[in-house]
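Trainee: need coordinates for the below:
(chains A and B)
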Amino acid sequence: MSDSKKILVVEDESHLAKGLQFNLEREGYTVSVVDNGQSAIELLGEQAFDLMILDIMLPKLNGIEVARRVRNTDLRFPILMLSAKSSDEDRELGLEAGADDYLTKPFHLPELLLRVKGILRRWEWYKEPVHDQEVFHFGDMWINFVNGRAKGESGEFYLTTKEALLMRLLVSKKNKIVSRDELLEKVWGYDPQTETRTVDNFVARLRKYFEKKPQSPRYIITHREKGYEFKP
Amino acid sequence: MVFIGVQIAWIVLMAVWINWYLENNLSIQKFAQKLRPDLFTAEVEWLILFEGCFLMLLILSGVYVIFVYWNKQNRLNQMQSNFVSSVSHELKSPLASIQLYLETLKYQDVSKEETKDFIEIMLSDTARLSGLIENILQSSKTDPKSMELQTQKVDLGQFLSEVVKDHKRQFEEKKCEVKLQLEASPIVTVDKKALQIVFNNLIGNALRYSPSGSSLKIHLHRMGRFWDVDFADKGFGFDKKDLNRVFKKFYRVQNEDTQNIEGAGLGLFISREIVKNHKGRLRVMSSGRGQGSVFTVSLPVSRGLTV
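Mentor: Numbering: from 1, shown residues only, chains lettered A, B, ... in the order given. So this is what the prediction gives:
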């Protein structure tokens, strides 16, 4: 039971925030609520959280900007975006900004709680000690799986939680083909909304970071109909 | 810009054509005389020149009309898609809240007090939903002919107190201190339901466009032939350029304070139309961004019915 997990809810609709807090606390989480993006950034500077549930339409600083700012720091925790914006582009934008999952309003309570549980479980798996050293080197690049910092083709940067999870799974099975289904299951959890092309989008992003020529990759190889392979 | 460019291009083309015609008039005539000598004289054919100019002008005005309507259509399409997206946003938030509380009641063990509190929240969300739907319906019948007022005599002071009381929960949630100052309690002849939409919109806006912990002062007083109700908030305020635009249909103030606040751009438009139909006025004053704003509803004093 994840009773001591700390969740930050960033939601300006007070009714929704109160309902979310009530339900998450019933599930045993410790919940803090703020109603704007600026306060969220300030609170994140003071306290550590295991998960942030983030609305997009927020006063002062919107959710997309909050996610971007968080991803530019060394704070590592997953973000679940909750928004009334339901188009594919909005979803893509949210994930691009660094969200790990995206749920549209109105949502079903059991689904929200399952997703929260799933994200936290995957995060636990990610934080488990690895047999490889914490900093993984390949070529003249490296990835620190503890804080998500990495050095790619164009310098140092931070991987998002999902990117780090995906990279870690590929690295842990280096020189072996990992199927899209396995990647979906382990990195995204069971989610009927996630399609295999989501995996392809994330792989494309990783190639942009780590490949000299993303069109003809050297490290992250595609095996048609089978999956992906990492060759250090 | 494209439009101006095309107009300039047409005028230049027309000038070139006139010039070309005058310069080549003689040689054209010589050439034509060889073919059909019976048709041509040696002089400049002014009628043809005039006809050419007239046709050019006709085409020019045709292009102008097409451009004007094309622009108008584009603007309307843009407005429609903004409207649909903001209305769907505004509908989704209270709906998400109602669904969340209903599912909470279904899946969680909830005490009696909590249940009562949740029901209050859901009722306030349904009020918000019905307010929005009322605004949308009202916006389609704002001209005086289709807006039939069902007037009755109403004690304005008492009515305002009731409306403020209805918003008690929202004021508490936003930690907003509300002060109602009634200098009189006049009887006015108004459509109570329509006027409630106006007051709900003004109070709703004051809450929405103010930071948490702000204040709202509602002041009823006489101003000449009118009863004025001022709604003075300490919210985000307006730039001068927005003061009149806020009453336009679908218009929404776009700045960093307000960009993420949901709204359909209908409330103030409808409110002004309703007040106008009561032969009153709805105005706004603001000293600028961050300085708050004062919306004033002026309703005419009903003869023989004051105080």
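
Trainee: tell me the domain ranges of chain A?
Mentor: A:6-127, A:135-230 (automatic domain parsing).

Trainee: spatially central residue for the chain, please.
Mentor: As the question left the chain open, I've gone with chain A. For chain A, A:Asp100 is the residue whose C-alpha lies nearest the centre (Cα atoms, centre = their mean; 2.9 Å).

Trainee: meant chain B, my bad for not saying
Mentor: Nearest to the mean C-alpha position of chain B, by Cα atoms, centre = their mean, lies B:Lys249 at 2.2 Å.

Trainee: need the three-state assignment for it.
Mentor: coil (DSSP: H, G, I helix; E, B strand; the rest coil).

Trainee: would you confirm that it contacts B:Ser139?
Mentor: Yes: checked against Cβ atoms under 8 Å, the pair B:Lys249 and B:Ser139 is within contact range at 6.8 Å. Bear in mind the C-beta positions are built from the backbone N, C-alpha and C, glycine included.

Trainee: ok so B:Asp230 is a helix residue?
Mentor: No: secondary structure of B:Asp230 (three-state DSSP): strand, not part of a helix.

Trainee: give me the neighbour count for it.
Mentor: Other residues lying near B:Asp230 total 19 when counted by other Cβ atoms under 10 Å in any protein chain shown.

Trainee: do you know the pLDDT at it?
Mentor: What the model reports for B:Asp230 is a pLDDT of 93.

Trainee: next, the contact list for it, please.
Mentor: Residues in contact with B:Asp230, defined by Cβ atoms under 8 Å, 6 or more residues apart in numbering or on different chains, are B:217-219, B:221, B:294-296.

Trainee: narrow those to those that are buried.
Mentor: Neighbour counting by 16 or more other Cβ atoms under 10 Å in any protein chain shown classes B:217-219, B:294-296 among the contacts of B:Asp230 as buried.

Trainee: and which of those residues is nearest to chain A?
Mentor: Checking those against chain A with Cβ to the nearest Cβ, the nearest one is B:Phe295 at 20.6 Å.

Trainee: ok, residues contacting the helix or strand hosting the closest one?
Mentor: Per DSSP states H and E, B:Phe295 falls inside strand B:293-300. Strand B:293-300 has contacts (Cβ under 8 Å, 6+ apart) with B:156, B:188, B:190, B:198-199, B:202, B:205-206, B:209, B:223, B:225-233, B:235, B:237-238, B:271, B:275, B:278-286.

Trainee: relative to chain A, how far out is the residue lying closest to B:Arg222 once chain neighbours are set aside?
Mentor: Of all residues not flanking B:Arg222 in the chain, B:Ala184 sits nearest, at 6.4 Å (Cβ to Cβ, 6 or more residues apart in numbering or on different chains). Noted for B:Ala184: a distance of 35 Å to chain A, by Cβ to the nearest Cβ, to the nearest Å.

Trainee: I'd assumed B:Asp155 was in contact with B:Ala184.
Mentor: No: taking Cβ under 8 Å as the definition, B:Ala184 is not a contact partner of B:Asp155, at 10.3 Å.

Trainee: correct me if wrong: the residue nearest to the centre of chain A contacts A:Phe77.
Mentor: No: shown here, A:Asp100 and A:Phe77 do not form a contact pair, counting by Cβ under 8 Å, at 9.2 Å.

Trainee: now the stretch 101-250 of chain B against chain A: closest residue?
Mentor: Residue of the stretch 101-250 of chain B nearest chain A, by Cβ to the nearest Cβ: B:Glu103 (3.8 Å).

Trainee: next up, the contacts around that residue.
Mentor: A:108-110.

Trainee: skipping adjacent residues, who's closest to A:Glu134 in space?
Mentor: Residue nearest to A:Glu134 in three dimensions, not counting chain neighbours: A:Val146, with 5.0 Å by Cβ to Cβ, 6+ apart.

Trainee: could you check the pLDDT of that neighbour?
Mentor: Note on A:Val146: pLDDT of 78.

Trainee: which of the three states applies to it?
Mentor: Quick answer, by three-state DSSP: A:Val146 is coil.

Trainee: torsion angles phi and psi at it?
Mentor: Main-chain dihedrals, A:Val146, degrees, to the nearest 10: phi -80, psi -50.

Trainee: what helix or strand is the residue nearest to A:Arg205 when sequence neighbours are not counted located in?
Mentor: Distances taken as Cβ to Cβ, 6+ apart place A:Glu163 nearest to A:Arg205, at 6.5 Å, with adjacent residues excluded. Element membership for A:Glu163, per DSSP H and E: helix A:161-172.

Trainee: residue ranges of the strands in chain A, please?
Mentor: Assigned by DSSP state E, chain A shows strands spanning A:6-10, A:30-34, A:51-55, A:79-83, A:101-104, A:135-138, A:141-144, A:149-152, A:155-158, A:177-179, A:220-223, A:227-230.

Trainee: and the fifth one, what other elements does it pack with?
Mentor: Read that as strand A:101-104. strand A:79-83, helix A:88-97, helix A:109-127 (3 or more Cβ pairs under 8 Å, 6 or more residues apart in numbering or on different chains; DSSP states H and E).

Trainee: closest to chain B out of the ones you listed?
Mentor: Per Cβ to the nearest Cβ, nearest to chain B of these: helix A:109-127, 3.8 Å.

Trainee: where does pLDDT dip in the chain?
Mentor: With no chain named, the answer covers chain A. Chain A contains residues with pLDDT under 70 at A:1-3, A:127-133, A:190-195.

Trainee: my bad, chain B
Mentor: B:3, B:37-44, B:142-147, B:256-260, B:303-307.

Trainee: who in it is up against chain A?
Mentor: Residues of chain B lying close to chain A by Cβ under 8 Å from any Cβ of the partner chain are B:88-89, B:92-101, B:103-104, B:107-108, B:114, B:118, B:121, B:124-125, B:173-174, B:211-212, B:256-257, B:259-262.
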